[in-house]
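# Any chance you could fold what I've pasted below:
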Amino acid sequence: MFLVKGIIYILIFSSSTYIGILISKQYSNRVNELKDLKLALNILKTKIRFTNEPLYNIFDEIANTSNGNISNLFNNVCKKLKNNSASDAWEETLDTVPLSIKREDRQVIKSMGRMLGKTDINGQLSEIELTENFLETQIIDAENEKNKNEKLYRTLGMITGVGIIVILI
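Okay, the predicted model is just below:
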């Protein structure tokens, strides 16, 4: 009987700790994705400014050089560019690719995509630069949130597990 209770207590503690770690991981994922996205937009801006490559080739190159979800984002945009305009492909993909960013981040990134392929080069570049500036402030905010909340949720998960075990004993 003690063995079964011990296993149940270990499972409760492990699962609550794991949930706390998952929640805390979202904060570091957001920071990493915002930084990766800013880097990808910098590449996009540079390629638009200095080459005459089509957006499909630029997105494909960014998809191959980026990491994780950002790579998936640009890869899916490439796939949708075959049948859609750049702005439609960008918006549809942002709705479907799971990212750890907030809703307001997603909205600003979507608005940047509305200008892709629809305005002249200077209009696209200015919209990308505006989005990069927004991402820079969001990265700072995300790092502050990460520093404040990451340890909190890990600890909270462990404390919740111990609390449930104490109640059950």
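# which ones are touching the residue lying farthest from the centre of the chain?
Relative to the centre of the chain, and counting by CA atoms, centre = their mean, the farthest-placed residue is residue 1 at 45.8 Å. Residues near residue 1 by CB atoms under 8 Å, 6 or more residues apart in numbering: none. Yep, even glycine has a C-beta here, placed from its N, CA and C like the rest.
# Helices of the chain, residue ranges please.
Using DSSP state H, the helices of the chain run over 2-50, 55-65, 68-81, 86-96, 103-113, 121-168.
# Switch those helices over to CSV; also include mean pLDDT.
Formatted as CSV, the helices of the chain follow (pLDDT from 0 to 100):
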stretch, mean pLDDT
helix 2-50, 87
helix 55-65, 82
helix 68-81, 82
helix 86-96, 79
helix 103-113, 81
helix 121-168, 85
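# Quick check: which of these is buried the most?
Ranked by mean neighbour count, the helices of the chain are led by helix 68-81 with a mean of 20 (mean count of other CB atoms under 10 Å).
# Not counting that one itself, show me its contacts.
32-33, 36-37, 40, 55-56, 59-60, 62-64, 66, 86, 88-90, 92-94, 96-100.
# Give me the distance from it to the chain's centre.
13 Å (CA atoms, centre = their mean, to the nearest Å).
# Stretch 82-102 now?
13 Å.
# Kindly report the same for stretch 10-29.
19 Å.
# just checking, residue 87 touches residue 115?
Yes - the criterion here is CB atoms under 8 Å, and residue 87 meets it with residue 115 at 7.2 Å.
# so what's residue 142 up against?
27, 30, 31, 34.
# of the residues you listed, closest to residue 105?
In terms of CB to CB, no member of those lies closer to residue 105 than residue 34, at 6.9 Å.
# Is the closest one in contact with residue 105, as I believe?
Yes - judged on CB under 8 Å, residue 34 makes contact with residue 105 at a distance of 6.9 Å.
# anything in contact with each of these two?
Shared contacts of residue 34 and residue 105, defined by CB under 8 Å, 6+ apart, are found at 135, 138.
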